[in-house]
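**Q** Any chance you can model this:
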Amino acid sequence: MRQTQRYAARGLSALAVGALGVTLAVPATAGLAAEPPTPGPEWGVMQERPPLSQSQDPDAGPTVESPKLASGANGSTLAAAATTPGWVLHGAGWGHGLGMSQYGAYEMARAGYSAQQILGHYYSGTAYTKVDDSDWVNVNVVYGAATVTTVSQALVSGGGDFTVSLGGKVMSGKVGDAVSYSVSNSVVKATCSTCSPTSVTGTSSAPLAVIRWDDRADAGLPATKGDTLMKVGGTWYKDGAAIVSAKSASTLNAVLQVRIHDEYLDYLAESPWSWSLEALKAQAAAARGYVLRKHDAGIRSTCNCHVYDTTADQVYGGYPSSGNRTYWPNWQKAVRATGEASTGYVSTYDGSIIQAFYSSSSGGRTENNEDVWYNLSTGTADPIGYLRGVSDSWSLKPSNPAASWRQVTSGWSMASVFGLPDVARLDLSARTANGGIKSATATSSSGATRTITGDQFRTIAASGTSYSSRVNSTMIRHLTQRLGGANRYAVGAAVARSVAPGATSVVIASGENTNLPDASVAGPLASTLSSPLLLTSKDRLPDETGAELSRRGSVLKTAYVVGGEGAVSSTVVAQLQQRGLTVVRVAGADRYQTAAAVAREIGKRRTVTAVMLAGGFGLADALAGSGPASALKEPILLTPADSLATATSSAMTDLGAKYVHIVGGTAVVSQGVEDTLRKDKTVRRLGGDNRYDVSATIANYFRGQMPSTAEMVVTSGQDASLVDSLVAGTRRSLMVLVSPTSLPATAAEVMQRTPGLETVTAVGGTAVVANGVLTRASRS
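**A** Predicted coordinates:
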């Protein structure tokens, strides 16, 4: 008789092929085979692999605690979270990211790598070893159901017979007979109106219903007349025996008891069987090692099983459909790679079979185990030598549907996982050594905070990918791009190329630091005109600016030159006219009058109700506000620190502005100026301890008024590079200032409070916004 439990000791074969070095050389015979059919949803590689904290598997590893509901959070407050904005997530990969990447293995095999090399890469320091795999395992196929139904089918004439042993009695059935299993007070009963007898009931000494149909007379079981399939729950099985048992007083479990070597491994539906042989051999070895470790851990009482038939362990698909049977021999060949009836290959580490975790794809790098499955309270876990993070560029190939993705989580789903009434700030900056999210911290609008692990973060419901309903992986980051150039004029041209593709006019402003005050107010004019903003030197149109003008061609009709001849000379005006452009100079006697003239030019084209006011010598603040000002077509006016400039006051009156947004502290626009304005206007000061904090305050204030928050611009806050901020404003996006080598905490917080943020755009070269800053911003 087959045993419901086996605890056989397992020794390793003397054949250990050897460990693979860390560095992989591309095989000389590498070549790409034709793409196989796109995997269907029945394959494990195309299914969600549950996080440890949500797995049905209590033996998978260390537990992590789930967050409790924040104080004051209840059903009504959580329901209110449904009205908060959804969070946009961009990322790569699918699954926990530990061990082998299935799509990575597929691409490695296509490139000519062997199964041994694939496994050696993903499981560090392991050997490819032959072991005995003749033991039996229980596979849970029905978990916690009120009833279970089985029915037989004949594969060939004469098949279909089966027996049910329960309570010391044997029920016999024939092809097509359906048996229903129920439970009451933990006693199992089987009923079948066409069987003999028609019912059998469990006893204390024989509580398990054992269904036999297998056509081999092994382990003392009688042979049936022919090949038979048995449907247990909703799936057909050819091999093994089924066992139905009481899970509780009113629910049932059903397991399939099968031999690992063939009856289990033959029906695993993890990697599609159409994949190349070496990828499948790697999959078979990983799966074999995984189930052998589970076997040796013993039967779990919750399921009467060693493994589940889902991605909680490994997908056990049952008898294949007609379409998949075409490729079944390919998989069986991989399973039988040793060519022996009771052995198979596994990966071993220090002489022991590894628990070969794997997932669909990693997102570019796999993870260290202690960064993924750890105790949240202590932040620690014991490192496992073979579960080290490694490069997985193969999984980023186009064959992988999860090579890159965009998902949106609802306010409700985000808040409920964190146990908060809502999520106003999402901090994903705590990263693993390989770049994934190690922990995520959410802050509610009331200031309550909760932290969960990156693995728990994957439980959040998310839309946007057809193959998954939850966050795909922890390899999440904002998209990034850089608009740079060899000099400030090239940067200006790069930004111009990205905006207003059909513009009929262009705004020209000085790119020289001494004339920056005039140029600092030009962004909202360019936005109002739906025009690009280009920079010039005082006496000559730079080559980079000329090239962009030429690229736009004859569609350009008018050039608006901001600033007097001291900033943009008549020589430059003549060069623009030579290009066939009508030149309109917008200028005044000083920076205050020039800003006022620009504001009036905007006022000719739209009703102005609000203006932005910056200090005439606080230009960093003005430029930090140019993104929102451009998006909202809000003129930027300038004033001396201690008194409101006459030109500025007159412009506000002429425009009919009722609202004034002061950007900067009282050192650049005094309290006295603010008090003067408050006499007949609504005033809001957007300040901070420094220019970086001011830029963050501006972004936080205007976030809710912006037409789009999908982009955030980062640009230099250094005096020498503020000209980059000038052209950056024409992106019409939220903008924060950064130092060349660091991302200010206030800037990171702005990003963390912007649910719709998708792309971080650096304006300027790496000398003013280092790649490291852009990376930290993307991982904020």
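
**Q** Tell me who's in contact with residue 739.
**A** Counting by C-beta atoms under 8 Å, 6 or more residues apart in numbering, residue 739 touches 692, 716, 717, 718, 773. C-betas here are computed from N, CA, C, even on glycine.

**Q** now the helices for the stretch 301-450 of the chain?
**A** Listed in chain order, the helices of the stretch 301-450 of the chain (DSSP state H, counting those that start in this stretch) span 322-325, 328-335, 369-372, 411-418.

**Q** same check, this time on the stretch 601-750 of the chain
**A** Using DSSP H, counting those that start in this stretch, helices in the stretch 601-750 of the chain cover 619-624, 626-631, 646-655, 671-678, 691-702, 722-728, 745-752.

**Q** Please tabulate those helices in CSV, including the columns mean neighbour count.
**A** Output for the helices of the stretch 601-750 of the chain, formatted as CSV (neighbours: other C-beta atoms under 10 Å):
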stretch, mean neighbour count
helix 619-624, 30
helix 626-631, 28
helix 646-655, 18
helix 671-678, 15
helix 691-702, 24
helix 722-728, 30
helix 745-752, 21
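
**Q** quick one: which of those is nearest residue 466?
**A** Closest of the helices of the stretch 601-750 of the chain to residue 466 is helix 745-752, at 28.2 Å (criterion: C-beta to C-beta).

**Q** Tell me what angle the helix or strand that the closest one is followed by forms with helix 745-752.
**A** Where DSSP states H and E defines the elements, the next helix or strand beyond helix 745-752 is strand 759-763. Angle of strand 759-763 versus helix 745-752, following axes from the mean of the first three to the mean of the last three C-alpha atoms, to 10 degrees, is 140 degrees.

**Q** Minimum distance to residue 428: which of the helices of the stretch 301-450 of the chain has it?
**A** Per C-beta to C-beta, nearest to residue 428 of those: helix 411-418, 11.8 Å.

**Q** and the closest one, what other elements does it pack with?
**A** Helix 411-418 makes packing contacts with helix 75-80, strand 439-443, strand 449-453 when contacts are defined by 3 or more C-beta pairs under 8 Å, 6 or more residues apart in numbering; DSSP states H and E.

**Q** got a list of what residue 307 touches?
**A** Taking C-beta under 8 Å, 6+ apart, one finds 137, 138, 139, 140, 291, 294, 313, 314, 316 in contact with residue 307.

**Q** how many neighbours does the residue nearest to it when sequence neighbours are not counted have?
**A** Nearest residue to residue 307 in three dimensions, chain neighbours excluded: residue 313, at 3.9 Å (C-beta to C-beta, 6 or more residues apart in numbering). As a burial measure, residue 313 scores 24 neighbours (other C-beta atoms under 10 Å).

**Q** cool, and the one 10 residues further on?
**A** The number of residues packed near residue 323 is 11, by other C-beta under 10 Å.

**Q** contacts for whichever strand or helix holds residue 559?
**A** Assessed by DSSP H and E, residue 559 sits inside strand 558-562. Residues external to strand 558-562 that are found in contact with it (C-beta under 8 Å, 6+ apart): 504-510, 518-519, 521-522, 525, 529, 531, 568, 572-573, 576, 581-587, 594, 598, 601.

**Q** can you check stretch 536-556 too?
**A** Contacts with stretch 536-556, where a contact means C-beta under 8 Å, 6+ apart, come from 485, 487, 489-490, 492-493, 496-497, 502-506, 508-512, 515, 532, 534-535, 566-569, 571-572, 575-576, 579-581.

**Q** Now do the end-to-end distance for stretch 373-382.
**A** Using C-alpha to C-alpha, to the nearest Å, the end-to-end distance of stretch 373-382 comes out at 10 Å.

**Q** re the thing from before, looking at the contacts of strand 558-562, which are in helices?
**A** Judged by DSSP state H, those include 518, 519, 522, 525, 572, 573, 576, 594, 598, 601 as members of helices.

**Q** Tell me how far the first one lies from residue 495.
**A** Computed with C-beta to C-beta, to the nearest Å, the distance linking residue 518 and residue 495 is 18 Å.

**Q** Where does pLDDT dip in the stretch 151-300 of the chain?
**A** Counting by pLDDT under 70, the stretch 151-300 of the chain has low-confidence residues at 215-226.

**Q** Before I go, just wanted to say thanks for your time.
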